[in-house]
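A.B. asks: pasted the sequence and its predicted model underneath.
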Amino acid sequence: MILIKNIEFIETPRDPWEIFVTHLPHEVIPVEGNSGPYAEVSVLTELVRGRRFLRPSDGTDIVVGLAKDAQNILGLQYEAWENMAQELKDTRSQMRQLQRERDRARGATIWTRFEWLLFGYKDGGNG
């Protein structure tokens, strides 16, 4: 079970956005020159990139950015979303190419079809 206790969100004017990440005292980081060998709290920054979604119910365009900790907890990885989007783009491109070939074959004259029968069908308009 994943129990989500608190949700904190910030609306930002642009994408990507840099946030401060604090390591808690139980995640101490060694630092030289302090009173002890470890610093109790360390502050770093993380660049959060947003992912654009379209809400189907009303067509609202939403950009959601998840900090690395939230991505790890929820199991959502932006790389997976980007890979799926690229695969969809490639599939649509192939589909458009096949539709052009289909339209070319449907619109071919009887003489072009006879030529394809004798010499073979060549794609790309080389008929």
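C.D. replies: Happy to help now that I have it.

A.B. asks: any figure for the gap between Q71 and Q97?
C.D. replies: 35 Å (Cβ to Cβ, to the nearest Å). In this view, the C-beta of every residue, glycine as well, is placed from N, C-alpha and C.

A.B. asks: could you list the low-pLDDT ranges of this structure?
C.D. replies: Residue ranges of the chain with pLDDT under 70: 1-5, 21-43, 76, 78, 124-127.

A.B. asks: let me see the ranges of the strands in it.
C.D. replies: Remark: strands assigned in the chain by DSSP state E are 17-23, 29-30, 38-39, 42-48, 50-54, 61-65.

A.B. asks: okay, now V48: neighbour count?
C.D. replies: When neighbours are counted by other Cβ atoms under 10 Å, V48 registers 21.

A.B. asks: I'd assumed R14 was in contact with it.
C.D. replies: No - if you go by Cβ atoms under 8 Å, V48 and R14 don't touch, sitting 11.3 Å apart.
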